[in-house]
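Asker: Return a 3D structure for these sequence lines:
(one chain, ligands or ions: 1)
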Amino acid sequence: MDEWERWEHRVQTAAHPVAYRLLKAVAARGPVVRVPRVGVVVSDARTARDVLLDTEGYTKTGPGAAGGLWTPVLGPRALINMEGPEHAALRRRLGGLFTPGHVAAVCERVLRGPLGEMERRLAAGGEVDLVRVVRDGATEVIRELVGLRDTEADFARAAAVVAGVRLWRTSLTGRQAREARGALARLGDAAAAAYRAGDESTVPGRLRALGLDEAEARAAVVVFLLTGTETLVSFVPRLIALTHDAGLGPDRITDALIEEALRVTSPTPLMLRSAARAGRIGGVRVEAGERVVIATLLCTRAYGSFAPDGAPDRPDPAELRRLWFGAGPHFCLGMPLAMAEVRAVVGALRGFPGLRIVRRRPARGVLIPAYARLSLRATG
Ligand code: HEM
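Answerer: Below you'll find the model as predicted:
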C-alpha cells in the first residue's frame, strides 16, 4: 500500500471499523449486492447515478433513508427530507444563496482573520492543527451566512449529535433525539430572530425575502449547519495529507488535484435511498420499502488510484462526474461554498511548500471519516 492509501485506510476504519470492511467485501462480490439487514448496496457509478436520478423509484423520505433520521428533529420540510415538486420549489428558492460570487465574498471576509493567523504561526515556526482551523473557519462561515451569533455552545452540541449518528441507524434514539432537539431548537430560535429582523445579509433574512415561511427558514438554517462543517473538516485535512503523502507541497495543489482528491476521499461515503416500489437494480430484485445504499466512495475509487498530477489524461466519464457531490435533484447545494473554502485554505498554505505533517490522528466512531488532528509545521 502507498503511504496515502495506508492513511486513508486508517481514516476510514477509525470512523467505521465494521461497516467499511463489510462494504469493501460486499463490493468485491459485485456492483449491486443485497446484504441482509443493511439493504441493496450499489458500488458502481453508472448504476448509482441511475438510482439517484430515478426519483419516482427511490426516495429520501421512505423507510431506511436519511429522512427518517432527520424528520423528528428538523420537521418534515427541511430540504434533505423532501422530494418532488415541493423539494424542487424550495431548492429554487434557496439556490441564490450559494452563488459562487456571494460565497467567495463571505469566505474572504470571514476566513481572512483565522487563515492569516495560521500563516503567521507557520511562518514563525509554530505548529498548527489544520482540523481545528478548518472546523473553526467552516463554523464561522456558516454562522455568518445564516446570521446566527452567540450560538457556539448549541452548535457544538448539535454537531456532537450529528457526529454520533451511526451508519445503519434509521432513527435517532430517544436521548439523542431529545438532546438534538434541545440544541437545534435554540439554534432555530436564533434563526427565527434573524428571520423576523429581515436583515438580508443573513440567510434567514434572505429566505424571508424569497418568500419562505419561518418554519422553512428555521429548518434550512439548521440543515446548512449540519451539512456545511463536517464535510469540510473531513475533506480539507485529507487533501493536505494526501498530497503530503504523495510527496507534494501545497504549492502544487491545482483545481484538478482538488477534484482528484475529492474523488479518492469522497467525504460523504454513502447516500441512502428507499425503494418506493418493487423493481430491479442491475439485475438484483428490490422490494418496496427496502433500503438502497449507494457506496459513493467505492463507486469513485473504482476509477483508479490517486493520481498526484490530477490525472489530466484519464478519461472523465459522464457517470462519474462529481458523484462525490451527489447527482440529480439532491445534488450538493453547498458545492460552491465548499470549493470556495477549500481554495481559501489551500491559498493560505501555498506559501509553505515545505509543509510537513508532524502529528496526526484519525477520528474514531464518527459519521463522516476525518482526522481528529492533523498538525502541520513549515520547514525549508
Ligand atoms: C467537500 C464538501 C462536501 C461534500 C463532499 C458534499 C457532498 C454532498 C452530497 C453527496 C450530497 C447529496 C446527498 C444525497 O443525495 O443523499 C450533498 C447534499 C447537500 N449538501 Fe453537500 N457536500 C459538501 C459540502 C457542503 C457544504 C459546505 C454545504 C453548505 C451548507 C453543503 C450543503 C448541502 C445541502 C444543503 C445538501 C442537500 C441538498 C438537497 O437535499 O437538496 N454541502 N452534499
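
Asker: Show me what from the stretch 151-300 of the chain comes close to the ligand.
Answerer: 223-224, 227-228, 231-232, 235, 267-268, 271 (CB under 6 Å from any ligand atom). Every C-beta, even on glycine, is put in place using the N, C-alpha and C of the backbone.

Asker: switch to 8 Å and redo it
Answerer: Within reach of the ligand by CB under 8 Å from any ligand atom, the stretch 151-300 of the chain has these residues: 220, 223-225, 227-229, 231-232, 234-235, 262, 266-268, 271-273, 294, 296.

Asker: Sort out for me which of the residues you listed are in strands.
Answerer: Here DSSP state E is the test, and those give 271-273, 294 as lying in strands.

Asker: So which of these is the closest to the ligand?
Answerer: Nearest to the ligand among those: Met271, at 3.7 Å, using CB to the nearest ligand atom.

Asker: As a check, name the ranges of all helices in the stretch 201-350 of the chain.
Answerer: Using DSSP state H, counting those that start in this stretch, the helices of the stretch 201-350 of the chain run over 203-209, 214-227, 230-245, 255-265, 296-301, 335-349.

Asker: Tabulate these (CSV), appending mean pLDDT and mean neighbour count.
Answerer: As requested, the helices of the stretch 201-350 of the chain are exported to CSV (pLDDT from 0 to 100; neighbours: other CB atoms under 10 Å):
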stretch, mean pLDDT, mean neighbour count
helix 203-209, 82, 22
helix 214-227, 82, 23
helix 230-245, 96, 24
helix 255-265, 95, 21
helix 296-301, 95, 24
helix 335-349, 96, 21
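
Asker: thinking again about what came up before, reformat the ones in strands among the residues of the stretch 151-300 of the chain next to the ligand as JSON lines; add distance to Leu145.
Answerer: Below are those laid out as JSON lines (distance: CB to CB, whole Å):
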{"residue": "Met271", "distance to Leu145": "24"}
{"residue": "Leu272", "distance to Leu145": "26"}
{"residue": "Arg273", "distance to Leu145": "28"}
{"residue": "Ile294", "distance to Leu145": "28"}
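
Asker: got TSV for those residues, with neighbour count and distance to His330 too?
Answerer: Listed next are those as TSV, based on neighbours: other CB atoms under 10 Å; distance: CB to CB, whole Å:
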residue	neighbour count	distance to His330
Met271	23	8
Leu272	21	11
Arg273	29	10
Ile294	28	11
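
Asker: hmm, back to that, let's have the helices of the stretch 201-350 of the chain in a markdown table, adding distance to Leu74.
Answerer: Putting the helices of the stretch 201-350 of the chain into a markdown table (distance: least, CB to CB, whole Å) gives the following:
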| stretch | distance to Leu74 |
| --- | --- |
| helix 203-209 | 15 |
| helix 214-227 | 5 |
| helix 230-245 | 16 |
| helix 255-265 | 27 |
| helix 296-301 | 23 |
| helix 335-349 | 20 |
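
Asker: Which one, of those, ends up nearest to Gly310?
Answerer: helix 255-265 (3.2 Å; CB to CB).

Asker: Which residues does the closest one contact?
Answerer: Residues outside helix 255-265 that contact it (CB atoms under 8 Å, 6 or more residues apart in numbering): 8, 234-235, 238-239, 242-243, 248, 297, 300-301, 303, 305-312, 320, 322, 324-325, 339, 342-343, 346.

Asker: Then stretch 7-17?
Answerer: 1, 20-21, 167, 238, 241-242, 245, 264-265, 269, 297, 360, 362-371.

Asker: CA atoms of that stretch as CSV?
Answerer: What follows is stretch 7-17 as a C-alpha-only set of coordinates in CSV (Å, rounded to 0.1, in the frame of the first residue of the first chain):
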residue,chain,number,x,y,z
TRP,A,7,-3.5,6.7,5.9
GLU,A,8,-6.8,6.9,4.1
HIS,A,9,-7.5,3.3,5.1
ARG,A,10,-6.8,4.2,8.7
VAL,A,11,-9.2,7.2,8.5
GLN,A,12,-12.0,5.0,7.1
THR,A,13,-11.5,2.2,9.6
ALA,A,14,-11.3,4.5,12.6
ALA,A,15,-14.6,6.0,11.6
HIS,A,16,-16.4,2.8,10.7
PRO,A,17,-14.4,-0.3,11.7
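
Asker: Whether it contacts the ligand - can you check?
Answerer: No: applying CB under 8 Å from any ligand atom, one finds stretch 7-17 separated from the ligand by no less than 14.4 Å.

Asker: Show me which residues of the helix or strand containing Ala138 are buried.
Answerer: Per DSSP states H and E: Ala138 is located in helix 130-146. By neighbour count with 16 or more other CB atoms under 10 Å, helix 130-146 contains the buried residues 130-135, 137-146.

Asker: helices or strands next to it in the packing?
Answerer: For helix 130-146, the packing partners by 3 or more CB pairs under 8 Å, 6 or more residues apart in numbering; DSSP states H and E come out as helix 100-123, helix 152-164, helix 203-209, helix 214-227, helix 230-245, helix 335-349, strand 371-378.

Asker: mind redoing it with 6 Å?
Answerer: helix 100-123, helix 214-227, helix 230-245, strand 371-378 (3 or more CB pairs under 6 Å, 6 or more residues apart in numbering; DSSP states H and E).

Asker: just to revisit the earlier point, ok, which of the buried residues of helix 130-146 also contact the ligand?
Answerer: Answer for the buried residues of helix 130-146 near the ligand (CB under 8 Å from any ligand atom): 138, 142, 145.

Asker: wait, what's in contact with the last one?
Answerer: Think Leu145. The contact partners of Leu145, by CB atoms under 6 Å, 6 or more residues apart in numbering, come to 106, 203.
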